[in-house]
Every structure is written in structure tokens, then in C-alpha cells.
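Undergrad: Here you go, sequence then predicted model.
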Amino acid sequence: MELKSDYRISGFLPTSVKEVENRGWKTLDVILFTGDAYIDHPSFGAAVIGRILEKSGLQVAIVPQPNWRDDLRDFKKLGVPRLFFGVTSGCMDSMVNHYTAQLRRRSDDAYSPGGKAGFRPDYAATVYSRILKKLYPETPVILGGIEASLRRLTHYDYWSDSLKPSILIDSRADIIVYGMGEKTILEISRHLQNGVNINELTNIYQTAFLSDNQIMNQENEGWQTIELASHEECLKNKMSFAKSFKLTEIESNRINSARIIQKTGSRSVVVNPPITGLNQEETDLPYDLPYTRIPHPRYYAKGEIPAYTMIRHSINIHRGCFGGCSFCTISAHQGKFIQSRSERSVLNEVETVKNMQDFTGYITDLGGPSANMYRMKGIDLTKCESCLKPSCIFPVICSNLDNSHRSLLQLYRKVRNVEGIKKVTIGSGIRYDLFITKDGSPAGKTALEYLNELIRYHVPGRLKVAPEHCDPTVLKIMRKPAFSFFLALKELFDRINNKYSLNQQLVPYFISSHPASTPEAMAELAVITKNLRLNIEQVQDFTPTPMTLSSVIYFTGYHPYTQSKITVVKKHEDKILQRAFFFWYRKENKFMIINELKKLGKTKLIEKLYHYYKL
């Protein structure tokens, strides 16, 4: 990548002693450590937190992908910050980043230069924090990012097949800022600048910390307090763990959440309520900062960073998701309530993207966790205040949800009309049950208008959607709509494509080995997708990740809400079999599938898959 003539390395947060000296700084206020390469872009959490702190007047440096194997010089080179060290494993949980669902080590890393693996340790947030606390025991260490966020309480760890305590225990960090933490980190930094000890910060929203078990007797912000089963009780009794998860999920998705306390050994983990209402200025702020929007120059001779290549011309328009999918971590991290950017902020970023040297007129995404939830919220917020449901659209769309796509359509049109923009594609997933019903009729105002405009103007040749499965039992546990919704979408998709003479594909995502999924259910899915002539490419084996309902079911074998027993696939060979049904037509899978269906007595399914097969 060539640089503009006026490009200066000082445009980035400093990453070395030389870069700090070039700024004329004698000391640093904050040093951030991240498991990702340093990309100065609003899609990368370490860059966002660094820029937020920089705007508040602090001198901030960032150490990307420090070497944890040698003499730890990367942890020492910038010295001790005046306020704190910030630690994140990066944009992904390091274990998800490192291992497949079959627990095989990955050979690539999308967040590293050249896509190469090996630049961060397993459990990176814990490793970095322990090193810093050993070297500088008196300096506060603040954990953030998704790895810390989803491990803030007792959680199931798939990679060790065990329950682990809060990451605060093993990491020895002082405090966690969970979720999207810009407002919280600013509040913490202000208190530290005023001389408050990190251990005194017990009443800050969206934080978790260790207490000496006296916290329940202290004054707070008027929060209610809920005590979960202790970590030790969860270790003894899986149902206690399941019940604790249910309470945690409910409180994570409320407007007025309670403080959560969980005893662990002689201490307690305290999780203060999340922030559920940012004003427009606070929502826009992280995106309005002066990012260079490119990787640091240290990577220019080391190959492309795949995650950056994918998002460099994309724009995030909102945070949060009220879908509540059982296997998804978004609501546990970003929250259920949608925080939408203003049109001004989005259009300003469009102008910034336009001025990038490698921009050719194509914005690759204008979306969010679920691309079509922009500006959607409760009609009567007082009703939302008493709601305990993790999803606003499952099993049906809430009657109190304003699911109009009007604001989103207006934004699409304004961005399309910006001079120099040739096409805007939507790369994020969409929730099609927000605009159609299972019989294909509109689900709310502007529903079919949105679908028409999406397909006509914003599909990059292929529209990716996520039915995930076809079996009703599996879909119910996933909190996903019935497969009939997908069939209705496909019919409308084909009809609109024919109307405008478009040659576009509908590409569905599916998951195998999810709790309640059986070989029979996978065989039915194979038959249905065969008959629909769908291009099955986007498939994955279920990977249990911390702090999701599906993971709790996987570990315990029970549904935390109903306490009913659920079929769970754990054996390697059974997972291989379920995945094989996606690719039933491959020679190496054929006889495995036939033998399994014979064993189950499902010969009719054999005939449907292999119509030429003689029983």
C-alpha cells in the first residue's frame, strides 16, 4: 500500500519508544496491550479505546501482539503508565481464534499480518494480565474486549472441557470493563486521575471486580442485588450452573438490571449493571475520532491483515442485537438494546471512506450485528423496563417493537446518493423475520419495500442469511424462526430477482451438532436443501463459547429455562457425521450416511437423498 505524501507515523497512537519520543512525551498515562495487530480503524476495539482516551487528553500508547515467550521486553519497553494498563485479547476470544470446533489448531489468524497464526497465546487476556501484574504489581490492570467480557463470571470453557471461574481470578487483573466500554473507561480514568484507588471503584456501571464479600453491605446506585450460586456450587452441581446462567442472561438484557454477585473461594465476583442508554453524542463519539483507518506502517512489508481487508471500506451503523440467538454472544457483549448512530455521523464516515487511497466507489457493508435493526426500539419504553425476555422477536415479534425499516431506507438512499459512491452492499447478516412472516406476508410497515430495495441495490451478487437449521426442535432451542420463514424469503428473493432481471444467489448459513440436533434432523436438512437446489457453502460445526445459552445446554445437558433434558452431541465421530450431511453428495460421505440411516431405520431418507440407491 502506498502512502499519501502528507502521511506521518505520528497519525497513529505510538507503539514504540521512538514513536513516544517523537511526540515529545516523557511519560505515558495509559498503555494498551492487544492480541491483534494494530489497525487504526473504528472496527478494532483497542484503537477505539485508545482514541477515546486520547481525545480526553491522555497520552496513550498501544503494544500490539507482544511477545510473551522471550524476556518480556515488549511488556517493559514503554515503562510504567501513570494511570493503568489496558488489556484485551483482541476482537475475538483467543481460543475461538486458535481452534476449530474439532479442537484442531488453526494455521491462520485473520487479525495478524500475512494471516499467520502464532502471534498471541491461548487465553491471551489472562496471559498478558498475569505478566503485567508480576512485573508491575502496583499498577492497575483493566481487562476489556470480548474474551474478558464473556468470562466475567463462572463459565464453561470448551477447550478445557471444564467450568472456569471469572477471568478475574486467573488473570489477577483489578477490574473488567465488559461490553462496549468507551463511557466506562472514561469514567474510570477520570477517577484515577483524581487520585482514587482502583480498589475503591465499586459503583461504576459495566464493570466487574473482586470483593472481600462485604460489597453487599455497601451503598450503591440503588441497584438491586442478585446472588448466584457460588463457583464451588456450580462445580458440584450442573443444574446450579444452569440456573445461574439463566439469571445472568436475564439481567444482561434488562433496562434496569441488578448487580450480580458470585462467591468464588473467600472472595466474591461483583458485576455491576450494564449501561443501557447512551445519548446520541455518546453513541456517535467512537466513530467521529481521527482514525487513519489503516494498519500501522510496521506491517507494510508483512502481508495483508485479512480482517482489515474485509472491513476497510465498511461502515457500522449501530450496536446491539435483540435477536437473542442461543449460540450468539452479541447480546451478552453489546447488549439487547440497539444504539444507532446519527445520519450525520454515518454520512461523515462515508466521506472519510471516499477519501481513502484505495477506495474505488464500493462500500462493502452498511450494517451492524444484524444489519436491519437500525433505529428499532420499543414503542412504549415503560413496557420494555419490565420485560425479562432475551429476544424481542422470538418466538414472535413483540407487539411493542417498532420494526419499521423507514429510517434504514432513508439512510440507504442518502448514502447511495453521495457523489462518488457507486454501490453500497450489505455484508452483515439480516433478520428476515423482521420484514416477512412465514407465509410471505409483510411483517410491519415498509417491510416489502425494504426487501425490494435491499435486493435491487444492495446485494453483492449473493445475499447471505442464517436459517441455521430446519428442524423445529433445534430452531426453538436456537431461538430462530421456523424454516418456513426462510422458504418465504427464498420465494420473494427469486420473484424480485426475476422482476429486475438480476442474477443473484441466496446463500444460507447452517450449523451442525447444535444441542438437540440429531442425524435424522441433519438428514432432513440435507433432503430439503437438495430439493431447493441451494448452494451449501456457509456451514459450521457448533462451537460452545462462554456465556451463551447453547454452551450451557451443551455442558449440562439441560435447558436452563425449562430444566428439560436436551440431546447433546459431544463425540468427535458424531460431529463428523452431522457435518457430513451438509455434503451428502461427496463420495467419501455417501456410505457413512447410508450406514447411519440404515442403523436408524430411516430408509426413506436414503431414498430421498440417493434416489438411485437400491435398498
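TA: Sure thing, it's come through. Numbering: from 1, shown residues only.

Undergrad: Give me the distance between residue 112 and residue 329.
TA: 22 Å (Cβ to Cβ, to the nearest Å). The C-beta positions use only the backbone N, C-alpha and C, and glycine is treated the same way.

Undergrad: which one of the two has more residues nearby?
TA: residue 112 (25 against 18; other Cβ atoms under 10 Å).

Undergrad: what's the closest non-adjacent residue to the more buried one?
TA: In space, residue 112 comes closest to residue 119 once its chain neighbours are excluded; the distance is 4.7 Å by Cβ to Cβ, 6 or more residues apart in numbering.

Undergrad: Three-state assignment for that neighbour, please.
TA: coil (DSSP: H, G, I helix; E, B strand; the rest coil).

Undergrad: can you pull the contacts of it?
TA: The contact partners of residue 119, by Cβ atoms under 8 Å, 6 or more residues apart in numbering, come to 35, 37, 65, 109, 112.

Undergrad: The second one: how many residues sit nearby?
TA: Spelled out, that is residue 37. Around residue 37 sit 26 other residues, with neighbours defined as other Cβ under 10 Å.

Undergrad: Grab the nearest non-local neighbour of residue 517.
TA: residue 474 (5.1 Å).

Undergrad: my hunch is that that neighbour is in a helix, does that hold up?
TA: Yes: the secondary structure assignment for residue 474 places it in a helix, going by three-state DSSP.

Undergrad: Tell me, how many residues neighbour it?
TA: Taking other Cβ under 10 Å as the definition, residue 474 ends up with a neighbour count of 23.

Undergrad: what's near enough to touch residue 229?
TA: Residues in contact with residue 229, defined by Cβ under 8 Å, 6+ apart, are 237, 240, 241, 243, 244, 262.

Undergrad: In helices only, show me the residues you listed.
TA: Residues from the contacts of residue 229 lying in helices, with DSSP state H as the criterion: 240, 241, 243, 244.

Undergrad: can you list the residues that contact stretch 178-192?
TA: Defining contact as Cβ under 8 Å, 6+ apart, one finds that stretch 178-192 is touched by 29-30, 48-49, 52-53, 56, 58, 83-84, 86, 140, 142, 144, 148-149, 152, 175, 177, 198, 200-201, 204-208, 271, 274-275, 278, 282, 285-286, 319, 333-335, 339.

Undergrad: Which ChimeraX command selects the buried ones in those residues?
TA: Of these, the buried ones can be selected in ChimeraX as follows, counting by 16 or more other Cβ atoms under 10 Å:
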select :29,30,48,49,52,53,58,83,84,86,140,142,144,148,149,152,175,177,198,201,204,205,206,207,208,271,274,275,278,285,286,319,333,334,335,339
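
Undergrad: So which of the contacts of stretch 178-192 are in helices?
TA: Counting by DSSP H, the part of the contacts of stretch 178-192 found in helices is 48, 49, 52, 53, 148, 149, 282, 333.

Undergrad: what's the most distant pair in those residues?
TA: 148 and 282 (21.8 Å; Cβ to Cβ).

Undergrad: filter the contacts of residue 229 to the buried ones?
TA: Applying a neighbour-count criterion of 16+ other Cβ under 10 Å, the buried members of these are 240, 241, 243, 244, 262.

Undergrad: quick one: contacts for the third one?
TA: With contacts defined as Cβ under 8 Å, 6+ apart, residue 243 is in contact with 229, 560.
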